[in-house]
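# Provide a 3D model corresponding to the input given below.
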Amino acid sequence: MKANTHFAFFDEGSKKEIRRAIMKAVAIPGYQVPFASREMPIARGWGTGGLQITLSIIGQSDVLKVIDQGADESVNAVSIKKLVHETTGVDITERTTEASLIQSRHRIPEVPLTKDQILVLQVPMPEPLRAVEAKEYRTKRMHAEDDYSGAWLMLFEQIMKYGKTATAADHPVYVNGRYVMAPSPIPRFDNPKMHHSEALILLGAGREKKIYAVPPYTNVKSLAFEDYPFTVESFEGQQCHLCGSAGIFLDELIDQQTGKTVYQCNDTSYCMDQLNQKEKAEVQTSYA
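Prediction:
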């Protein structure tokens, strides 16, 4: 940790204020709690909301993992890890199972999270009704009155136009049977991972100054019509060309040598773990 710097960058007063917002968010699942978003040494829109949550709850014994769209080595992930490590000195890991605190942009890890972990999601737009209502005071009233006709109408218009709901990411969810929530721009594939998650999920939007949460074992249901049920991205018949994994979220790539389409694990640390397990199995087989 650098000299003349508060542990985890913020002064204790700032951390307490953010923790109070987090506690209220946990007490009212899916509800957007306003908070005094601080100025950060990174630009708004680059994960300041999630970073403020991480810096407010991290402790000296925590192990941190930061991912950006499944990758541990992206510019966004590396920059955030560097800031947190330099102001706390906590251990950094790329393995999901080793982390007690995971900050993520646009993905939930493939490995199921446990009750001993906290997932922090970066959110650019926390208001799921913004596409149908521009004014903040009106969206707040709509939430208070449980009026989500605009969200349903948005999905209905997509079905009329495309024959299906066309939300590639950030598909709205009902939390605890009460609030409609933006799950952050995670792919539809990750929405079911929020339902009855053992880990606490915290979501922070720095630019919009909102914090909200999904406590452990909370009901989370993606919005869908009975005759047009919610579906996730399908990778049926495909597997990672590196580790051979299937049934996970895959990226479609072009092999530079052959020019053919290949699929690869989006979660890079998951892919490495599978490769390591495969190598160990091959070694054990060769000695058997």
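
# rest of the way, CA atoms for contacts and neighbours
Fine.

# in the chain, which segments are predicted with low confidence?
Within the chain, the stretches falling below the threshold (pLDDT under 70) are 1-4, 284-288.

# which one's the longest helix in it?
Selection of the longest helix in the chain by residue count, based on DSSP state H, yields helix 268-287.

# and it, which residues are buried?
Across helix 268-287, burial judged by 16 or more other C-alpha atoms under 10 Å covers T268, S269, Y270, C271, M272, Q274, L275.

# same thing with stretch 204-218?
Along stretch 204-218, these residues count as buried under the neighbour rule (16+ other C-alpha under 10 Å): 204-216, 218.

# for the buried residues of helix 268-287, which one is nearest S14?
Ranking the buried residues of helix 268-287 by separation from S14, with C-alpha to C-alpha as the measure, puts S269 on top at 33.0 Å.

# who touches that closest one in this structure?
With contact set as C-alpha atoms under 8 Å, 6 or more residues apart in numbering, S269 has these partners: A71, D72, E94, R95, T96.

# Could you measure from the nearest residue to the first one once chain neighbours are set aside over to I118?
In this structure, A71 finds its nearest non-sequential neighbour in T268, 5.4 Å apart by C-alpha to C-alpha, 6 or more residues apart in numbering. Note on T268: its distance to I118, by C-alpha to C-alpha, to the nearest Å, is 20 Å.

# returning to what we had before: dump the buried residues of helix 268-287 to TSV, plus distance to A77.
Shown next, in TSV, are the buried residues of helix 268-287 (distance: C-alpha to C-alpha, whole Å):
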residue	distance to A77
T268	13
S269	13
Y270	16
C271	17
M272	17
Q274	22
L275	22
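
# does Q103 count as helix, strand or coil?
Here Q103 takes the strand state, with states given by DSSP: H, G, I helix; E, B strand; the rest coil.

# didn't it look like it was pressed against G70?
No - in this structure, Q103 sits apart from G70 without contact. The criterion is C-alpha atoms under 8 Å, and the distance is 11.0 Å.

# All the helices of the stretch 151-288 of the chain, residue numbers only.
With DSSP state H, counting those that start in this stretch as the definition, the stretch 151-288 of the chain shows helices at residue ranges 191-194, 268-287.

# residue contacts, H195?
Listed by C-alpha under 8 Å, 6+ apart, the contact set of H195 reads Y217, T218, N219, V220, K221.

# Find the nearest non-adjacent residue to the first one, please.
The shortest distance from Y217 to any residue other than its chain neighbours is 3.7 Å, reached at H196 (C-alpha to C-alpha, 6+ apart).

# Contact partners for the one you found?
Here H196 is in contact with P216, Y217, T218, N219, V220 (criterion: C-alpha under 8 Å, 6+ apart).

# In a markdown table, list the helices of the stretch 151-288 of the chain along with distance to I80.
Formatted as a markdown table, the entries for the helices of the stretch 151-288 of the chain read as follows, by distance: least, C-alpha to C-alpha, whole Å:
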| stretch | distance to I80 |
| --- | --- |
| helix 191-194 | 24 |
| helix 268-287 | 17 |
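
# So which of those helices is nearest W152?
Where those are weighed against each other on C-alpha to C-alpha, the nearest is helix 191-194, at 17.5 Å.

# Name the residues that touch the closest one?
Counting by C-alpha under 8 Å, 6+ apart, I108, P112, H171, V173, P183, I201, V214, V220, K221, S222 sit against helix 191-194.

# Buried ones among these?
So, by 16+ other C-alpha under 10 Å, the buried ones in these are I108, H171, V173, P183, I201, V214, V220, K221, S222.
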